[in-house]
Each structure stands twice: as C-alpha cells, then as structure tokens.
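Novice: Coordinates for the following, if possible.
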Amino acid sequence: MGRNIVDVKEQIITTTSGRKYVRRETKVKMPNGRFRFPVDYYDASPNLVHITKEELERKRIPVYTQIM
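Specialist: Model prediction:
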C-alpha cells in the first residue's frame, strides 16, 4: 500500500539575479486517502560547482530543511 505519487508539476523560476531554478510540486496520495503537496527547488544548470560550507550556509533558506 503506502504512498503513491499521483502528479508532478515543474515550473521554471528566474531570480532577480538571473539564476534559473526549477520548482517541483509533487502530489502524493497517503495511505489514509488524503493528499500531500511537498515542494522542492533545484538548480537545473548542467555545470557542477564546488560550494564551501560557508557559501552553503549563506545560500541556505532558513525555513527549509537542508539536505546536503
């Protein structure tokens, strides 16, 4: 049983500095029949960039849980 991904919506967002991020909203059906809508953001650029821990802390959005 468990949860099932029902739909995924992606939207490209351009910041004021010109960077492009993808906003992904996933519609998930939970075992109790209700839906959740988790949202995440990611950088879809093809370039790899090394970020120091200090830079990562400055770029971090305090409301969201940091994965890396």
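
Novice: Residue 27 in helix, strand or coil?
Specialist: Using DSSP: H, G, I helix; E, B strand; the rest coil as the criterion, the local structure at residue 27 reads strand.

Novice: and the gap between it and residue 44?
Specialist: If you measure residue 27 against residue 44 using CB to CB, to the nearest Å, the figure is 21 Å. For the C-beta atoms, the positions are set from N, CA and C on the backbone; glycine is no exception.

Novice: and if you look at residue 33?
Specialist: Here the criterion is CB to CB. By it, residue 33 lies 33 Å from residue 44.

Novice: who has more neighbours, those two?
Specialist: residue 44 (9 against 6; other CB atoms under 10 Å).

Novice: Surely that one and residue 22 touch.
Specialist: Yes. Counting by CB atoms under 8 Å, residue 44 touches residue 22, with 4.9 Å between them.

Novice: what touches both of those two?
Specialist: Contact with both residue 44 and residue 22 is made by residues residue 12, according to CB atoms under 8 Å, 6 or more residues apart in numbering.

Novice: Check what pLDDT residue 66 gets.
Specialist: The pLDDT attached to residue 66 in the predicted structure is 63.

Novice: how far out from the middle of the chain is the worst-scoring helix or strand of the chain on mean pLDDT?
Specialist: For the chain, the helix or strand with the lowest mean confidence is helix 53-59, at a mean of 81 (criterion: mean pLDDT, DSSP states H and E). Centre-to-centre, helix 53-59 and its host chain are 17 Å apart (CA atoms, centre = their mean, to the nearest Å).

Novice: Could I have the CA atoms of it written out in CSV?
Specialist: Listed next in CSV are the C-alpha coordinates belonging to helix 53-59 (Å, rounded to 0.1, in the frame of the first residue of the first chain):
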residue,chain,number,x,y,z
LYS,A,53,30.4,25.2,3.8
GLU,A,54,30.4,28.9,4.4
GLU,A,55,28.9,29.6,1.0
LEU,A,56,26.3,26.9,1.6
GLU,A,57,25.3,28.4,4.9
ARG,A,58,24.9,31.9,3.3
LYS,A,59,22.7,30.4,0.4
